[in-house]
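Asker: could you work out the structure for the sequence below:
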Amino acid sequence: MDGKVDNSINQGTSPYVFRLNGQNHHKIGSLLPPIGEQPRFTQLYIYDTENEVENRMNTLRNNGRQPNVDLEIVENLSKMFDECNELTKVFRMARERFQQTDLQLVRLRLIGSRAKDGRQYNLPTKLEVTALIVGSSDNEKGHRDVIIEHRSEDLKRISELHPSFIAMQYPILFTNGEDGYRTDIPHADVDGSTKRTRRYVSIRENYAFRFQQRLQESKTRFKLGRLNQQFQVDAFTCLQESWLDWVRENQKKIRKEILKGLEDVVSRGDDMPASIGQHVIFPSSFTGSPRLLIQNYHDALAICRWAGPPDIFITFTCNPNWDEIVQYLSIIPSQQPEDRPDIIARVFKIKLDELMCDLTERGHFGQTKAGIKHII
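Answerer: Model prediction:
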(Lines give C-alpha, C1' and ligand atoms only; values in the text may rest on other atoms or scores of the structure.)
Protein backbone atom coordinates (compact mmCIF):
# COMPACT_ATOMS: atom_id res chain seq x y z
CA MET A 1 0.00 0.00 0.00
CA ASP A 2 1.38 3.38 -1.02
CA GLY A 3 -0.37 6.16 0.87
CA LYS A 4 0.23 8.72 3.57
CA VAL A 5 -0.82 7.06 6.84
CA ASP A 6 -1.43 9.57 9.63
CA ASN A 7 -0.23 8.02 12.90
CA SER A 8 -0.34 11.28 14.88
CA ILE A 9 -4.00 10.73 15.68
CA ASN A 10 -3.08 7.71 17.84
CA GLN A 11 -0.69 9.50 20.18
CA GLY A 12 -3.27 9.98 22.91
CA THR A 13 -5.29 7.48 24.95
CA SER A 14 -8.28 7.36 22.61
CA PRO A 15 -9.13 4.16 20.64
CA TYR A 16 -6.97 3.30 17.66
CA VAL A 17 -7.93 4.85 14.32
CA PHE A 18 -6.46 4.07 10.90
CA ARG A 19 -6.35 7.35 8.96
CA LEU A 20 -5.12 7.67 5.39
CA ASN A 21 -4.53 11.05 3.75
CA GLY A 22 -4.27 11.79 0.06
CA GLN A 23 -4.57 9.21 -2.67
CA ASN A 24 -4.19 5.53 -1.86
CA HIS A 25 -2.86 2.98 -4.33
CA HIS A 26 -1.05 -0.35 -4.34
CA LYS A 27 2.30 -0.88 -6.06
CA ILE A 28 4.44 -3.90 -6.87
CA GLY A 29 8.16 -4.11 -7.59
CA SER A 30 10.31 -6.41 -9.70
CA LEU A 31 10.77 -10.13 -9.21
CA LEU A 32 14.31 -9.62 -7.90
CA PRO A 33 15.56 -6.68 -5.81
CA PRO A 34 18.02 -4.18 -7.31
CA ILE A 35 21.66 -5.07 -6.78
CA GLY A 36 22.79 -4.17 -3.28
CA GLU A 37 19.28 -3.95 -1.77
CA GLN A 38 17.42 -6.35 0.51
CA PRO A 39 14.37 -8.23 -0.79
CA ARG A 40 10.91 -7.04 0.24
CA PHE A 41 7.32 -8.21 -0.11
CA THR A 42 6.84 -10.67 -3.03
CA GLN A 43 10.59 -10.71 -3.69
CA LEU A 44 10.94 -12.79 -0.52
CA TYR A 45 9.25 -15.71 -2.30
CA ILE A 46 12.01 -15.79 -4.93
CA TYR A 47 15.26 -14.29 -3.62
CA ASP A 48 17.37 -16.24 -1.09
CA THR A 49 14.54 -18.55 -0.07
CA GLU A 50 16.87 -20.58 2.15
CA ASN A 51 16.86 -17.63 4.58
CA GLU A 52 13.35 -16.45 3.75
CA VAL A 53 12.04 -16.34 7.33
CA GLU A 54 15.06 -14.39 8.54
CA ASN A 55 14.72 -11.99 5.61
CA ARG A 56 11.09 -11.39 6.56
CA MET A 57 12.13 -10.54 10.10
CA ASN A 58 14.83 -8.19 8.77
CA THR A 59 12.19 -6.34 6.75
CA LEU A 60 10.49 -5.31 9.98
CA ARG A 61 13.81 -4.30 11.50
CA ASN A 62 14.54 -2.10 8.49
CA ASN A 63 11.43 -0.09 9.32
CA GLY A 64 12.98 0.98 12.62
CA ARG A 65 10.97 -1.42 14.77
CA GLN A 66 11.96 -4.48 16.71
CA PRO A 67 9.70 -7.28 15.45
CA ASN A 68 7.64 -8.73 18.26
CA VAL A 69 6.76 -11.70 16.08
CA ASP A 70 6.86 -15.41 16.83
CA LEU A 71 9.31 -17.10 14.46
CA GLU A 72 7.32 -20.35 14.49
CA ILE A 73 4.14 -18.54 13.41
CA VAL A 74 5.96 -16.96 10.47
CA GLU A 75 7.28 -20.36 9.37
CA ASN A 76 3.82 -21.96 9.62
CA LEU A 77 2.20 -19.15 7.67
CA SER A 78 4.81 -19.49 4.94
CA LYS A 79 4.15 -23.23 4.68
CA MET A 80 0.39 -22.65 4.60
CA PHE A 81 0.66 -20.15 1.74
CA ASP A 82 2.91 -22.52 -0.20
CA GLU A 83 0.24 -25.22 0.03
CA CYS A 84 -2.96 -23.18 -0.42
CA ASN A 85 -2.32 -19.77 -2.01
CA GLU A 86 -2.26 -19.78 -5.81
CA LEU A 87 -0.49 -16.42 -5.98
CA THR A 88 2.30 -17.75 -3.77
CA LYS A 89 2.66 -20.80 -6.01
CA VAL A 90 3.11 -18.48 -8.98
CA PHE A 91 6.07 -16.69 -7.42
CA ARG A 92 7.54 -20.00 -6.37
CA MET A 93 7.22 -21.10 -10.00
CA ALA A 94 9.20 -18.01 -11.05
CA ARG A 95 11.86 -18.92 -8.47
CA GLU A 96 12.22 -22.38 -10.01
CA ARG A 97 12.63 -20.78 -13.41
CA PHE A 98 15.44 -18.57 -12.13
CA GLN A 99 17.14 -21.59 -10.59
CA GLN A 100 17.03 -23.50 -13.87
CA THR A 101 18.69 -20.84 -16.00
CA ASP A 102 20.02 -17.31 -15.74
CA LEU A 103 20.51 -16.87 -19.47
CA GLN A 104 17.00 -15.66 -20.30
CA LEU A 105 15.02 -12.88 -18.69
CA VAL A 106 11.78 -13.93 -17.06
CA ARG A 107 8.82 -11.68 -16.41
CA LEU A 108 5.52 -12.40 -14.69
CA ARG A 109 2.13 -11.36 -16.01
CA LEU A 110 -0.74 -10.97 -13.55
CA ILE A 111 -3.82 -11.52 -15.70
CA GLY A 112 -6.60 -9.03 -15.07
CA SER A 113 -9.37 -10.80 -17.03
CA ARG A 114 -10.64 -14.18 -15.96
CA ALA A 115 -12.33 -16.65 -18.27
CA LYS A 116 -14.58 -18.16 -15.62
CA ASP A 117 -18.06 -16.98 -14.72
CA GLY A 118 -18.02 -14.24 -12.08
CA ARG A 119 -20.82 -15.94 -10.15
CA GLN A 120 -18.76 -19.08 -9.60
CA TYR A 121 -16.51 -18.53 -6.60
CA ASN A 122 -14.38 -21.60 -7.26
CA LEU A 123 -10.73 -21.31 -6.33
CA PRO A 124 -8.40 -19.93 -9.02
CA THR A 125 -5.57 -21.83 -10.67
CA LYS A 126 -2.09 -20.67 -11.67
CA LEU A 127 -3.02 -20.67 -15.35
CA GLU A 128 -5.94 -18.31 -14.67
CA VAL A 129 -4.10 -15.71 -12.60
CA THR A 130 -0.61 -15.51 -14.14
CA ALA A 131 1.62 -16.30 -17.06
CA LEU A 132 5.41 -16.49 -17.34
CA ILE A 133 6.97 -14.42 -20.11
CA VAL A 134 10.38 -15.74 -21.16
CA GLY A 135 12.64 -13.32 -23.04
CA SER A 136 12.17 -9.64 -23.83
CA SER A 137 9.17 -9.96 -26.15
CA ASP A 138 5.92 -8.63 -24.80
CA ASN A 139 2.90 -10.84 -25.35
CA GLU A 140 -0.53 -9.41 -25.94
CA LYS A 141 -2.03 -8.30 -22.66
CA GLY A 142 -5.19 -6.72 -21.33
CA HIS A 143 -5.42 -3.13 -20.13
CA ARG A 144 -5.52 -4.24 -16.46
CA ASP A 145 -2.73 -6.80 -16.66
CA VAL A 146 0.38 -6.16 -14.56
CA ILE A 147 3.80 -7.10 -15.96
CA ILE A 148 6.39 -7.72 -13.22
CA GLU A 149 9.88 -7.14 -14.57
CA HIS A 150 12.94 -9.30 -13.93
CA ARG A 151 14.86 -6.63 -12.00
CA SER A 152 13.83 -2.99 -11.87
CA GLU A 153 14.02 -0.05 -9.50
CA ASP A 154 10.62 1.26 -10.57
CA LEU A 155 7.32 0.35 -8.94
CA LYS A 156 4.18 -0.39 -10.94
CA ARG A 157 0.73 0.51 -9.81
CA ILE A 158 -1.96 -2.18 -9.69
CA SER A 159 -5.44 -1.10 -10.70
CA GLU A 160 -8.04 -1.27 -7.94
CA LEU A 161 -10.16 -3.25 -10.43
CA HIS A 162 -7.59 -6.03 -10.76
CA PRO A 163 -9.01 -9.30 -9.31
CA SER A 164 -5.83 -9.88 -7.24
CA PHE A 165 -5.70 -6.31 -5.92
CA ILE A 166 -6.93 -7.12 -2.39
CA ALA A 167 -5.67 -10.73 -2.23
CA MET A 168 -2.05 -9.63 -2.63
CA GLN A 169 -2.33 -6.97 0.09
CA TYR A 170 -4.17 -9.16 2.64
CA PRO A 171 -3.09 -12.80 2.11
CA ILE A 172 -4.28 -13.82 5.58
CA LEU A 173 -7.82 -12.76 4.67
CA PHE A 174 -7.67 -14.34 1.21
CA THR A 175 -5.74 -17.47 2.10
CA ASN A 176 -6.25 -19.22 -1.24
CA GLY A 177 -5.47 -16.16 -3.34
CA GLU A 178 -9.07 -16.00 -4.52
CA ASP A 179 -10.31 -13.14 -6.66
CA GLY A 180 -11.56 -9.92 -5.12
CA TYR A 181 -13.78 -7.55 -7.04
CA ARG A 182 -14.24 -8.05 -10.77
CA THR A 183 -16.08 -5.79 -13.18
CA ASP A 184 -17.87 -8.72 -14.87
CA ILE A 185 -19.76 -10.15 -11.86
CA PRO A 186 -23.41 -10.25 -13.00
CA HIS A 187 -26.37 -9.66 -10.72
CA ALA A 188 -28.08 -12.81 -9.48
CA ASP A 189 -31.35 -11.94 -11.24
CA VAL A 190 -29.78 -10.65 -14.45
CA ASP A 191 -31.59 -13.36 -16.42
CA GLY A 192 -34.92 -12.80 -14.69
CA SER A 193 -37.90 -10.76 -15.78
CA THR A 194 -36.96 -7.72 -13.70
CA LYS A 195 -35.28 -5.08 -15.83
CA ARG A 196 -32.11 -3.61 -14.37
CA THR A 197 -30.28 -0.49 -15.44
CA ARG A 198 -26.99 -2.20 -14.54
CA ARG A 199 -26.15 -5.79 -15.41
CA TYR A 200 -23.08 -6.18 -13.21
CA VAL A 201 -22.30 -5.83 -9.53
CA SER A 202 -20.74 -2.51 -8.58
CA ILE A 203 -17.63 -2.21 -6.42
CA ARG A 204 -19.78 -0.73 -3.64
CA GLU A 205 -22.15 -3.71 -3.66
CA ASN A 206 -19.21 -6.12 -3.67
CA TYR A 207 -17.56 -4.70 -0.54
CA ALA A 208 -20.92 -4.22 1.17
CA PHE A 209 -21.49 -7.95 0.70
CA ARG A 210 -18.03 -8.92 1.94
CA PHE A 211 -18.20 -6.79 5.09
CA GLN A 212 -21.28 -8.52 6.46
CA GLN A 213 -20.90 -10.88 9.41
CA ARG A 214 -22.60 -14.24 8.82
CA LEU A 215 -23.00 -17.09 11.25
CA GLN A 216 -22.10 -19.79 8.71
CA GLU A 217 -18.91 -18.06 7.52
CA SER A 218 -15.45 -17.72 9.02
CA LYS A 219 -14.87 -14.97 11.58
CA THR A 220 -11.20 -14.44 10.66
CA ARG A 221 -11.56 -10.88 9.39
CA PHE A 222 -13.42 -9.72 12.48
CA LYS A 223 -10.66 -11.02 14.77
CA LEU A 224 -7.84 -9.06 13.13
CA GLY A 225 -8.43 -5.83 15.02
CA ARG A 226 -6.43 -2.98 13.49
CA LEU A 227 -5.84 -4.85 10.23
CA ASN A 228 -9.61 -5.05 9.82
CA GLN A 229 -9.76 -1.26 10.09
CA GLN A 230 -7.06 -0.90 7.45
CA PHE A 231 -8.93 -3.28 5.14
CA GLN A 232 -12.12 -1.23 5.47
CA VAL A 233 -10.31 2.05 4.80
CA ASP A 234 -8.51 0.46 1.85
CA ALA A 235 -11.78 -0.77 0.38
CA PHE A 236 -13.45 2.61 0.88
CA THR A 237 -10.63 4.39 -0.96
CA CYS A 238 -11.07 1.92 -3.85
CA LEU A 239 -14.75 2.82 -3.96
CA GLN A 240 -13.97 6.54 -3.92
CA GLU A 241 -11.34 6.13 -6.63
CA SER A 242 -13.84 4.33 -8.84
CA TRP A 243 -16.42 7.07 -8.26
CA LEU A 244 -13.89 9.83 -8.98
CA ASP A 245 -12.85 8.11 -12.21
CA TRP A 246 -16.48 8.06 -13.32
CA VAL A 247 -16.86 11.77 -12.52
CA ARG A 248 -13.66 12.57 -14.43
CA GLU A 249 -14.75 10.63 -17.51
CA ASN A 250 -18.39 11.79 -17.55
CA GLN A 251 -18.09 15.53 -17.15
CA LYS A 252 -20.54 16.12 -20.03
CA LYS A 253 -23.27 14.21 -18.16
CA ILE A 254 -22.99 16.39 -15.03
CA ARG A 255 -25.06 19.52 -14.64
CA LYS A 256 -22.44 22.24 -14.34
CA GLU A 257 -24.45 25.39 -13.70
CA ILE A 258 -21.48 26.81 -11.81
CA LEU A 259 -19.65 27.21 -15.13
CA LYS A 260 -22.10 29.95 -16.13
CA GLY A 261 -20.37 32.18 -13.59
CA LEU A 262 -17.03 31.47 -15.24
CA GLU A 263 -18.40 32.47 -18.63
CA ASP A 264 -19.63 35.76 -17.19
CA VAL A 265 -16.23 36.50 -15.66
CA VAL A 266 -14.39 35.79 -18.91
CA SER A 267 -16.85 37.91 -20.89
CA ARG A 268 -16.03 40.87 -18.61
CA GLY A 269 -12.38 40.72 -19.69
CA ASP A 270 -10.74 38.55 -17.01
CA ASP A 271 -7.89 36.77 -18.83
CA MET A 272 -7.03 34.40 -15.93
CA PRO A 273 -10.09 32.15 -15.53
CA ALA A 274 -7.93 29.27 -14.22
CA SER A 275 -7.78 30.98 -10.83
CA ILE A 276 -11.57 30.83 -10.51
CA GLY A 277 -12.73 27.37 -11.58
CA GLN A 278 -11.53 23.79 -11.68
CA HIS A 279 -10.98 21.42 -14.57
CA VAL A 280 -13.05 18.64 -12.97
CA ILE A 281 -16.46 19.60 -11.54
CA PHE A 282 -17.90 17.40 -8.80
CA PRO A 283 -21.62 16.62 -8.89
CA SER A 284 -23.72 17.70 -5.95
CA SER A 285 -24.32 14.03 -5.10
CA PHE A 286 -20.63 13.48 -4.23
CA THR A 287 -20.38 13.31 -0.43
CA GLY A 288 -18.08 15.98 0.96
CA SER A 289 -17.87 18.00 -2.24
CA PRO A 290 -18.22 21.82 -2.06
CA ARG A 291 -21.36 21.66 -4.19
CA LEU A 292 -23.06 19.34 -1.70
CA LEU A 293 -22.16 21.60 1.23
CA ILE A 294 -23.41 24.69 -0.59
CA GLN A 295 -26.60 22.85 -1.59
CA ASN A 296 -27.29 21.82 2.02
CA TYR A 297 -26.62 25.37 3.17
CA HIS A 298 -29.08 26.79 0.63
CA ASP A 299 -31.69 24.18 1.58
CA ALA A 300 -31.36 25.16 5.25
CA LEU A 301 -31.75 28.86 4.41
CA ALA A 302 -34.81 28.15 2.26
CA ILE A 303 -36.50 26.21 5.07
CA CYS A 304 -35.70 28.93 7.62
CA ARG A 305 -37.03 31.58 5.24
CA TRP A 306 -40.32 29.71 4.95
CA ALA A 307 -40.72 28.31 8.49
CA GLY A 308 -38.83 30.91 10.52
CA PRO A 309 -35.82 30.49 12.85
CA PRO A 310 -35.26 27.05 14.41
CA ASP A 311 -36.62 26.34 17.90
CA ILE A 312 -34.37 23.41 18.83
CA PHE A 313 -30.85 22.29 17.93
CA ILE A 314 -29.75 18.77 18.92
CA THR A 315 -26.27 17.27 18.79
CA PHE A 316 -26.58 13.49 18.72
CA THR A 317 -23.48 11.43 19.57
CA CYS A 318 -22.79 7.71 19.81
CA ASN A 319 -22.08 5.71 22.96
CA PRO A 320 -20.02 2.54 22.31
CA ASN A 321 -21.44 1.04 25.51
CA TRP A 322 -25.00 0.95 24.19
CA ASP A 323 -26.61 -2.42 24.89
CA GLU A 324 -27.13 -3.12 21.18
CA ILE A 325 -23.43 -2.63 20.41
CA VAL A 326 -22.22 -4.65 23.41
CA GLN A 327 -24.62 -7.49 22.62
CA TYR A 328 -23.51 -7.71 18.97
CA LEU A 329 -19.82 -7.57 19.83
CA SER A 330 -20.26 -10.44 22.29
CA ILE A 331 -20.93 -12.84 19.40
CA ILE A 332 -17.17 -12.87 18.71
CA PRO A 333 -15.14 -12.85 21.97
CA SER A 334 -12.43 -10.25 22.71
CA GLN A 335 -13.82 -7.68 20.27
CA GLN A 336 -13.56 -3.99 21.13
CA PRO A 337 -15.93 -1.29 19.84
CA GLU A 338 -13.11 0.37 17.88
CA ASP A 339 -12.55 -2.92 16.02
CA ARG A 340 -16.01 -2.74 14.44
CA PRO A 341 -16.71 0.73 13.06
CA ASP A 342 -19.34 -0.84 10.80
CA ILE A 343 -21.41 -1.93 13.81
CA ILE A 344 -20.96 1.44 15.50
CA ALA A 345 -22.13 3.31 12.41
CA ARG A 346 -25.09 1.00 11.85
CA VAL A 347 -26.43 1.24 15.40
CA PHE A 348 -25.87 4.99 15.41
CA LYS A 349 -27.86 5.39 12.19
CA ILE A 350 -30.73 3.28 13.56
CA LYS A 351 -30.93 5.35 16.74
CA LEU A 352 -30.66 8.62 14.82
CA ASP A 353 -33.57 7.62 12.59
CA GLU A 354 -35.56 6.66 15.68
CA LEU A 355 -34.83 10.06 17.23
CA MET A 356 -36.05 11.85 14.11
CA CYS A 357 -39.18 9.69 14.17
CA ASP A 358 -39.81 10.72 17.81
CA LEU A 359 -39.51 14.39 16.90
CA THR A 360 -41.43 14.43 13.61
CA GLU A 361 -44.00 11.61 13.69
CA ARG A 362 -44.59 10.91 17.36
CA GLY A 363 -44.53 14.61 18.28
CA HIS A 364 -42.34 14.37 21.39
CA PHE A 365 -42.07 18.19 21.55
CA GLY A 366 -45.35 18.84 19.78
CA GLN A 367 -46.19 19.20 16.14
CA THR A 368 -43.17 19.76 13.88
CA LYS A 369 -43.42 22.32 11.10
CA ALA A 370 -40.03 21.69 9.46
CA GLY A 371 -36.90 19.69 10.21
CA ILE A 372 -33.33 19.50 8.96
CA LYS A 373 -31.16 16.44 9.57
CA HIS A 374 -27.42 16.70 9.00
CA ILE A 375 -25.19 13.74 9.88
CA ILE A 376 -21.62 14.79 10.62
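Asker: any idea how far apart the tips of stretch 31-49 sit?
Answerer: 13 Å (C-alpha to C-alpha, to the nearest Å).
Asker: show me what counts as buried in that stretch.
Answerer: 31-33, 39, 42-47, 49 (16 or more other C-beta atoms under 10 Å). For every residue, glycine as well, the C-beta is placed using N, CA and C.
Asker: which parts of the stretch 101-250 of the chain are helices?
Answerer: According to DSSP state H, counting those that start in this stretch, the stretch 101-250 of the chain carries its helices in the segments 126-129, 165-169, 203-210, 226-249.
Asker: okay, those helices, which one's buried deepest?
Answerer: Of the helices of the stretch 101-250 of the chain, the one with the most neighbours on average (mean count of other C-beta atoms under 10 Å) is helix 165-169, at a mean of 21.
Asker: what's next to that one, contact-wise?
Answerer: Residues from elsewhere that reach helix 165-169 (C-beta atoms under 8 Å, 6 or more residues apart in numbering): 1, 26, 28, 42, 87, 158-159, 173-174, 177-181, 231, 234-235, 238.
Asker: who are the neighbours in contact with the nearest residue to Glu86 once chain neighbours are set aside?
Answerer: Nearest non-adjacent residue to Glu86, counting by C-beta to C-beta, 6 or more residues apart in numbering: Gly177, 4.1 Å away. Contact analysis of Gly177 by C-beta under 8 Å, 6+ apart lists 84-88, 124, 129, 164, 167, 171.
Asker: what's the local residue count around Ile185?
Answerer: For Ile185, the tally of surrounding residues (other C-beta atoms under 10 Å) stands at 20.
Asker: what do you get for Gly180?
Answerer: Counted with other C-beta under 10 Å, Gly180 comes out at 23.
Asker: sketch out the low-pLDDT regions of the stretch 1-150 of the chain for me.
Answerer: Within the stretch 1-150 of the chain, the segments meeting pLDDT under 70 span 61-67, 99-104, 114-145, 149-150.
Asker: can you give me the strands for it?
Answerer: 2-6, 19-28, 106-110, 130-134, 146-148 (DSSP state E, counting those that start in this stretch).
Asker: list the helices and strands the longest one packs on?
Answerer: For strand 19-28, the elements it packs on are strand 2-6, strand 156-158, helix 165-169, helix 226-249, judged by 3 or more C-beta pairs under 8 Å, 6 or more residues apart in numbering; DSSP states H and E.
Asker: follow-up on the earlier one: most tightly surrounded among the strands of the stretch 1-150 of the chain?
Answerer: Of these, strand 106-110 is the most buried (mean count of other C-beta under 10 Å), at a mean of 22.
Asker: the helices and strands packed on strand 19-28: lowest mean pLDDT?
Answerer: Ranked by mean pLDDT, the helices and strands packed on strand 19-28 bottom out at strand 156-158, with a mean of 81.
Asker: model confidence for Ile325, exactly?
Answerer: So, for Ile325, pLDDT stands at 94.
Asker: make sure it is indeed in a helix.
Answerer: Yes - under DSSP: H, G, I helix; E, B strand; the rest coil, Ile325 falls within a helix.
Asker: that one contacts Asp339, doesn't it?
Answerer: No - using C-beta atoms under 8 Å, Ile325 is not in contact with Asp339, being 11.4 Å away.
Asker: who has more neighbours out of those two?
Answerer: Using other C-beta under 10 Å as the criterion, Ile325 and Asp339 rank with Asp339 on top: 22 against 19.
Asker: okay, now the closest residue to that one other than its chain neighbours: neighbour count?
Answerer: The shortest distance from Asp339 to any non-neighbouring residue, by C-beta to C-beta, 6+ apart, is to Gly225 (5.2 Å). Other residues lying near Gly225 total 15 when counted by other C-beta under 10 Å.
Asker: next, Gly225: phi, psi?
Answerer: For Gly225, the backbone dihedrals (degrees, to the nearest 10) come out as phi 60, psi -110.
Asker: can you pull the pLDDT of it?
Answerer: Confidence score, pLDDT, at Gly225: 84.
Asker: so it touches Pro337, yeah?
Answerer: No - taking contacts as C-beta under 8 Å, Gly225 lies outside contact range of Pro337: 11.8 Å.
Asker: wouldn't Ser78 be in contact with Asn55 here?
Answerer: No - with contact defined as C-beta under 8 Å, Ser78 and Asn55 do not form a contacting pair (11.0 Å).
Asker: tell me the contacts of the residue nearest to the spatial centre of the chain?
Answerer: By C-alpha atoms, centre = their mean, the chain has its centre lying nearest to Ala235, at 1.7 Å. Contacts for Ala235 (C-beta under 8 Å, 6+ apart) come out as 166, 207, 210-211.
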